[in-house]
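>>> The following comprises the amino acid sequence and a computationally predicted model.
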Amino acid sequence: MVTDTRMAGSSSELANCIRMLSIDAVERAKSGHVGLPLGMADVATVLFSRFLKFDAAAPDWPDRDRFVLSAGHGSMLQYALLHLTGYPGMTMDQIRDFRQLGSMTPGHPEYGHTPGVETTTGPLGQGLANAVGMAIAERHLNARFGDDLVDHRTYVIVGDGCLMEGVSQEAITLAGHLRLNRLIVLFDDNRITIDGATSLTDRTDQLTRFHASGWNVTEVDGHDPEAVAEALEAAQDSELPVLIACRTIIGFGAEGIAGTGAAHGGPYGADAVASVRRSLGWSHAPFEIPGHLREAWAAIGARGAQAHAAWHKRLSASSDRELFSAAIAGEIPQTVAVEIAAHRAAVAAGGKVDATRKWSGAALEVLTAAIPEMLGGSADLTGSNNTRTKQTDVFAPPDYAGRFIHYGVREHAMAAAMNGMALHGGVIPYSGTFLAFADYSRPAIRLGALMGVRVIHVMTHDSIGLGEDGPTHQPVEHVAALRAIPNLLVFRPCDGVETAECWEAALASTAAPSVIALTRQNVAAQRRDTAAENLSARGGYVLFPAEAEEKVVLLATGSEVEIAAAARSELESRGIGARVVSLPCFELFASQPDDWRDAVLGGELPKVAVEAGVRQGWDAFLAPGDRFVGMDGFGASAPYKTLYEHFGVTPAAVVAAAMSVIDRTRR
């Protein structure tokens, strides 16, 4: 969408509205980063006034262009734009309350907190990788539904810091490989970081870097609106993603500060603010926007209303209307519950011994056939993760209808791109890697949890049970570390039935991402029932009740449920009653009513927990004197059965621990 609003106020006047709102808000808050808004105001003004397809009155219009501020520290640039263009609730009071508790203008942009903010940014580079995911979702939905319903672009502002972060390399090479030509990056090329000139730490030629990665590149004077407009106009017809390096002055207009590391943050102080007002010719009081400029910005915010209305007319007339609306709403077809229940029943009846990663692949065959929105992938571990199914052709140019992405060895960008896909809407992203490599993905997983998006991370080879690859690949602390992230569901199923249930629960989790940790090694079937209820969705349940008089409760997850079950059998043979509680998801279990949890855990009965990982997190269920059987250090390279014996994660060890806690309660 290209329009011209220059008659309503010069581009520099409109940009100065952004600059002054930003500097006034930072001064009032006595905190914030004003250098980027001052430097990129000209570029943002051209983008919003002449190119960005949006309707400020309808922030959730599915076919809007996406705007991502990857350099999220410059949040006042975005807040000023949202206020000036008339996004719901973005009043001047919100600008005045920048960085204050309860305001819609937090220190960094937060998805779901502020209308018009497409993703949570701040950790540098994440927004760029999110934007790659948004561009992937747009191309896929365009292939599925056509130009009438899906035809938009993703614009992202990045800074030098974004491009220094390692995730940027993963993201730009992935985007270049996939030829995501609806992705346009505006690089705030001010050559300054907090410590000073970028030459202190970096000599990368960013244009050459992007070009080598399969992008079209150009550079412009970021303070020349017509040059910026010409570059954006040319980008509309590119067959490749586009980088526009906008040479800018950080802290534009601040005498003695502009163009230096000191310009990055704020507040600048009264003298510097006065110098900005002089250099811009701005004589208005703080937070005051002249009427003709306010009207011009309001017109910019409304200029997409006609295109929005025309799109709705096309949607109403489309034979795909119901499918499209269901996809955007993220609805799971009602038939899925029936189909996954039938799959669980078949798995239970079969009693097959297999790895849970393979049971995950079997569940995905059912799910991807029933849910066309599922868009999967793997970080070069497809055969190990079992994330590609018969229904998922490869997503690659020129055919973006495929539903499986070969991410290559790019775990961080993969996780961040999936966040972007989920934020875009219309797809349900999932992908696979090894659990030990969650460390590469963790920053994006954390942001996904903060935003509350439905992203499913399949992480196989989940313990010392992977065997010979050794401690570099054996994730002893990773499950505990992931459980420490708020609003993240961490599943560790014990067999084929629980694996299917965990997939069903993860898909039902529309406000939190999930990790499904899966075994490399085979595990015995534990669940032979055909109960209609998804027991794993409660997070924990009594798998095997005690038969003799109950003396102890055995708690376990994943492959160690088999160990707990074997220990129970030995205890029962001695006349000692023991129940086995499977806890496939701590987070869901914690959300259950207190009486349910207490009944499952056996009240005051002594407890032994077993998991082939570190103890952290288990003390939520263990009283002083209860025991934990697991790992207290790194693993080793050997066949997995040897490792379990070597580290004492065995039925015999669980039995010994059980006898110890029982003896304690007798004294």
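That came through, no problem.

>>> so what's the backbone phi/psi at R568?
Main-chain dihedrals, R568, degrees, to the nearest 10: phi -60, psi -50.

>>> give me every residue that touches it.
Counting by Cβ atoms under 8 Å, 6 or more residues apart in numbering, R568 touches 544, 554, 578-580. Using the backbone N, CA and C atoms, a C-beta is placed for each residue, glycine as well.

>>> Turn the residues you listed into TSV, columns for pLDDT.
What follows is the contacts of R568, written out as TSV (pLDDT from 0 to 100):
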residue	pLDDT
F544	98
L554	98
A578	98
R579	98
V580	98
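
>>> Among those residues, which lie within strands?
544, 554, 578-580 (DSSP state E).

>>> Tell me the secondary structure of the nearest residue to P443 once chain neighbours are set aside, please.
Nearest residue to P443, sequence neighbours excluded (Cβ to Cβ, 6 or more residues apart in numbering): P123, at 5.8 Å. Of the three states, P123 takes coil under DSSP: H, G, I helix; E, B strand; the rest coil.

>>> Could I have the PyMOL command that selects the buried members from the contacts of R568?
If you want just the buried ones from the contacts of R568 in PyMOL, going by 16 or more other Cβ atoms under 10 Å, the selection is:
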select buried, resi 544+554+578+579+580
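
>>> so which of the ones in strands among the contacts of R568 comes closest to A263?
L554 (60.9 Å; Cβ to Cβ).

>>> Isn't that closest one up against E570?
No - the criterion here is Cβ atoms under 8 Å, and L554 misses it with E570 at 10.9 Å.

>>> follow-up on the earlier one: can the contacts of R568 go into JSON lines with extra columns for distance to M92?
Formatted as JSON lines, the contacts of R568 follow (distance: Cβ to Cβ, whole Å):
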{"residue": "F544", "distance to M92": "63"}
{"residue": "L554", "distance to M92": "61"}
{"residue": "A578", "distance to M92": "65"}
{"residue": "R579", "distance to M92": "61"}
{"residue": "V580", "distance to M92": "60"}
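
>>> For L583, give me the pLDDT.
Note on L583: pLDDT of 98.

>>> go on, A8?
The model's pLDDT for A8 equals 55.

>>> if I read this right, V654 contacts K607, doesn't it?
No - counting by Cβ under 8 Å, K607 is not a contact partner of V654; they are 11.2 Å apart.

>>> Touching both of the two, which residues are there?
In contact with both V654 and K607: L554, using Cβ under 8 Å, 6+ apart.

>>> neighbour-wise, which of those two wins?
Set V654 next to K607 and count neighbours by other Cβ atoms under 10 Å: V654 wins out with 29 against 24.

>>> Nearest residue to the more buried one in space, please, no chain neighbours.
In space, V654 is closest to A567, 3.7 Å off (Cβ to Cβ, 6+ apart).

>>> Look at that neighbour and give its secondary structure.
helix.

>>> shift numbering so it begins at 36
Happy to do that; since the first residue is 36 now, the last one works out to A602.

>>> Hmm, it is touching V684, no?
No - the criterion here is Cβ under 8 Å, and A602 misses it with V684 at 11.1 Å.

>>> Look at these two and report which has more neighbours.
More crowded of A602 and V684, by other Cβ under 10 Å: A602, with 28 against 23.

>>> residues contacting that one?
589, 613, 645, 686-687, 689-690, 693.

>>> rerun at 6 Å
Shown in contact with A602 (Cβ atoms under 6 Å, 6 or more residues apart in numbering): 686, 689-690.

>>> counting contacts, what elements does the helix or strand containing T253 pack onto?
Using DSSP states H and E, T253 falls within strand 251-256. When contacts are defined as 3 or more Cβ pairs under 6 Å, 6 or more residues apart in numbering; DSSP states H and E, strand 251-256 sits against helix 241-247, helix 260-270, strand 277-282.

>>> looking at these, which is buried most?
Highest mean neighbour count among the helices and strands packed on strand 251-256 (mean count of other Cβ atoms under 10 Å): strand 277-282, with a mean of 23.

>>> Summarise which helices and strands it is packed against.
Going by 3+ Cβ pairs under 6 Å, 6+ apart, strand 277-282 lies up against strand 218-224, strand 251-256.

>>> do you know which of these lies nearest T554?
Of those, nearest to T554 by Cβ to Cβ is strand 218-224, at 37.5 Å.
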